[in-house]
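**Student:** Fold the following.
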Amino acid sequence: NIGKSGNGPLIELAALKEYAEPIKPKIVLWQYFENDFDNIQHELSSSLLKKYLDEDDYSQNLIARQDEIERLLKNYFLEVSESKNNREIPSEKMMSNKLINIMKLVNLRSSINLTARPEPAVFKNILVKAKRLVSSWGGSLYFVYIPSMNSGVTNKYNLYRQTVLGTVTELGIPIIDIQREVFDLHPDPLSLFPFRNSGHYNAEGYQFIAEVIEDRLKKDGINPLNSKN
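**Tutor:** Next comes the predicted model:
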């Protein structure tokens, strides 16, 4: 699982290139939460991340650099902790160019307080590259659409839902629509959220999602319980 809080489509493409391509899994589940579309504009501000979109062979070879990444993260954490203890504001020096290049996939998860502009053309290009990449090793890409509480409970679909699903359909990527498969059918969809409040799902909600995904894969002739990939 290479999912991480704050990931948007471009970071997910980068993670696919860095960590999935070397392993070449037979099935890739691209899980899309309703706010992911808004993250694209922030991600495009990174010249490093844009390389994953603009250059087919670009890679930092991160999967082979784990020791280096862990060492740099530990050093950065210690420096930040020391600065906070001294009530100092961390300086730009604390982030060397080398550290920035390696950690960019993490740093860009922190969103800024601006409303992102929709980037449907960029979103489509990201998925085109993702599908091509997964297909290059004989894998299958599934797009899992995960709604927010607003959509799941009120059936008021997200503003970009049709744009997103229309793009995925156009590209011929199989869709697992959790909105229709779980929430539209559930008698009390609010019960699938912690304390019946907004946020991500509780254990029961995620159990339903897992079952829907498993059923779809079995329907397509894939038994995920017996698969090592």
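**Student:** which helices and strands does the lengthiest helix in the chain pack with?
**Tutor:** With secondary structure taken from DSSP state H, the chain has its longest helix at helix 66-85. For helix 66-85, the elements it packs on are helix 97-107, judged by 3 or more C-beta pairs under 8 Å, 6 or more residues apart in numbering; DSSP states H and E. In this view, the C-beta of every residue, glycine as well, is placed from N, C-alpha and C.
**Student:** Could you report the neighbour count for residue 174?
**Tutor:** Other residues near residue 174 number 14, with proximity taken as other C-beta atoms under 10 Å.
**Student:** Identify the residue spatially nearest to it, adjacent ones excluded.
**Tutor:** Closest residue to residue 174 in three dimensions, ignoring its sequence neighbours and counting by C-beta to C-beta, 6 or more residues apart in numbering: residue 142, at 5.1 Å.
**Student:** so the one you found sits in a strand?
**Tutor:** Yes. In this structure, residue 142 lies within a strand as judged by DSSP: H, G, I helix; E, B strand; the rest coil.
**Student:** my read: it touches residue 173, true?
**Tutor:** Yes. Counting by C-beta atoms under 8 Å, residue 142 sits close enough to residue 173 to count as a contact (7.3 Å).
**Student:** Tell me the residues that contact both of these two, please.
**Tutor:** residue 30 (C-beta atoms under 8 Å, 6 or more residues apart in numbering).
**Student:** Run through this structure and note the low-pLDDT ranges.
**Tutor:** Flagging of the chain using pLDDT under 70 yields the residue ranges 87-118, 152, 154-157, 224-229.
**Student:** ok, the residue lying farthest from the centre of the chain to residue 207 distance?
**Tutor:** Going by C-alpha atoms, centre = their mean, the residue of the chain most distant from its centre is residue 86, 35.8 Å out. Summarising the geometry, the distance separating residue 86 from residue 207, computed by C-beta to C-beta, to the nearest Å, is 46 Å.
**Student:** What of residue 127?
**Tutor:** 28 Å.
**Student:** Which residue of these two possesses the greater neighbour count?
**Tutor:** Comparing residue 127 with residue 207 by neighbour count (other C-beta under 10 Å), the higher total belongs to residue 127, at 23 against 12.
**Student:** quick one, strands of this structure?
**Tutor:** For the chain, applying DSSP state E gives strands covering 27-33, 140-146, 175-177.
**Student:** Tell me how many other residues surround the residue nearest to residue 2 when sequence neighbours are not counted.
**Tutor:** For residue 2, ignoring the flanking residues on the chain, the nearest one in space by C-beta to C-beta, 6+ apart is residue 15 at 4.5 Å. The number of residues packed around residue 15, counting by other C-beta under 10 Å, is 17.
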